[in-house]
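Participant: Got a predicted structure plus its sequence, pasted below:
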Amino acid sequence: MPTDHRHIKITERVSTRLKLKQLRLLVAISQHRSILHAAQELNISQPAATKLIKDLEADFGVTLFERTNRGVAPTAYGDALIKHGKLILAQIANAAQELDDLSEGAGGRVVVGTLLAASASLLPQTIQRLHRLRPNVTIAIREGTNSVLMPALRLGDVDMVVGRLPEYRHRQELVQESLFVEQIRIVVRPGHVLARGGEVDLQDLACREWILPPPDTTLRRQIDKEFLDRGLAPPLNAVESVSFLTNRTLLTTTDMLGAFPFHVIENEIRLGILAVVPCRLNLISIPVGVSYRRTGGLTPAAAGFLDMLRGNAEDLRNAPDFQISFI
């Protein structure tokens, strides 16, 4: 069958035969890896769920799921349909939310993915401002790394991601807007030998114990590059963690070192909970920004949140202590 004719035929099948109930079932099966559990979630019988899947497979002439020793798993065809099904369902949810926003005036819901660089000041300030001006808006926060949050953003599970912008941009699918450039500081507990003297050379830190973000993060790659550019081996056997509470406790109770965006540890430095190691870094700074889907748009509540986010980022850039010395 010619490619163009096949594409037209598949498009016609999607537009005329695909049902929302089938999409919801596909997504539920992918989450549960079980037709029975997915059927229970949708409040339908297992035979009815099986028939919906078989009808889909017959319509498209492909196998969507395969049985494994752990239940059912989507095939490549199933994965493709599930991915687009999630986006369709997310857009329907956005449409319903927008209608609700319009009818209620100031309500709505915003789901924000956050990385460490935004979670200490930028995001809390924006949430406080939104709640003050639009108290009926619900804000849901999803914390993670770019490797987790960006796929969730593309699938419509979150409205936007706030934090470090990834080195590898998803320009075709996402808008990625830089808000400010954050400086990185190396910190230790107060009284640590590295915080008591004068300027410290990076070579003096190479053999120390470190808490670092995972290897697949932008900050970790920058830290490793800083050492390699000076002919040093990056820290070995580091504790890899993005949990700030865990990192904070380890730093205050051991002699370990950590590298963080300044605004993440700003309060800890001012309160004397942590101390800055006076070590000059050549290249470690990170663009902090917001990412959102290029198509589909934002609900009024999410658009309002984005506007407030931009305003708070400008306030941070203009703050007199935004660029703090390393000593």
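Facilitator: Happy to help now that I have it. All of these numbers come straight from a predicted model, not from anything done at the bench.
Participant: For residue 285, give me its contacts.
Facilitator: Neighbouring residues of residue 285 by C-beta atoms under 8 Å, 6 or more residues apart in numbering: 181, 182, 183, 184. C-beta here means a position set from N, CA and C on the backbone, and glycine is covered the same way.
Participant: May I have the beta-bridge partners of the first one?
Facilitator: Each beta-bridge partner of residue 181 is listed here, defined by DSSP bridges: residue 287.
Participant: neighbours around it, how many?
Facilitator: Residue 181 has 13 neighbouring residues, counting by other C-beta atoms under 10 Å.
Participant: cool, the last one as well?
Facilitator: Neighbourhood size, residue 184 [other C-beta under 10 Å]: 20.
Participant: Please parse this structure into its domains.
Facilitator: With domains defined by automatic domain parsing, the chain comprises 3-85, 90-180+292-318, 181-286.
Participant: With mean pLDDT as extra columns, can I get those in a markdown table?
Facilitator: Conversion of the domains of the chain to a markdown table gives the following (pLDDT from 0 to 100):
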| stretch | mean pLDDT |
| --- | --- |
| domain 3-85 | 81 |
| domain 90-180+292-318 | 81 |
| domain 181-286 | 89 |
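Participant: Distance to residue 54 for the contacts of residue 285 - can I get that in TSV?
Facilitator: TSV is the format used below for those (distance: C-beta to C-beta, whole Å):
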residue	distance to residue 54
181	54
182	52
183	58
184	55
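Participant: can you pull the contacts of the closest residue to residue 86 other than its chain neighbours?
Facilitator: Distances taken as C-beta to C-beta, 6 or more residues apart in numbering put residue 155 closest to residue 86, at 4.5 Å, once the chain neighbours are dropped. Contact partners of residue 155, counting by C-beta under 8 Å, 6+ apart, are 83, 86, 87, 90.
Participant: Inside helices: which ones of these?
Facilitator: Counting by DSSP state H, those place 83, 86, 87, 90 in helices.
Participant: Output the residues you listed as a markdown table; include the columns neighbour count and distance to residue 193.
Facilitator: A markdown table is the format used below for those (neighbours: other C-beta atoms under 10 Å; distance: C-beta to C-beta, whole Å):
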| residue | neighbour count | distance to residue 193 |
| --- | --- | --- |
| 83 | 16 | 52 |
| 86 | 19 | 52 |
| 87 | 17 | 53 |
| 90 | 18 | 52 |
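Participant: Closest to residue 125 out of these?
Facilitator: residue 90 (27.2 Å; C-beta to C-beta).
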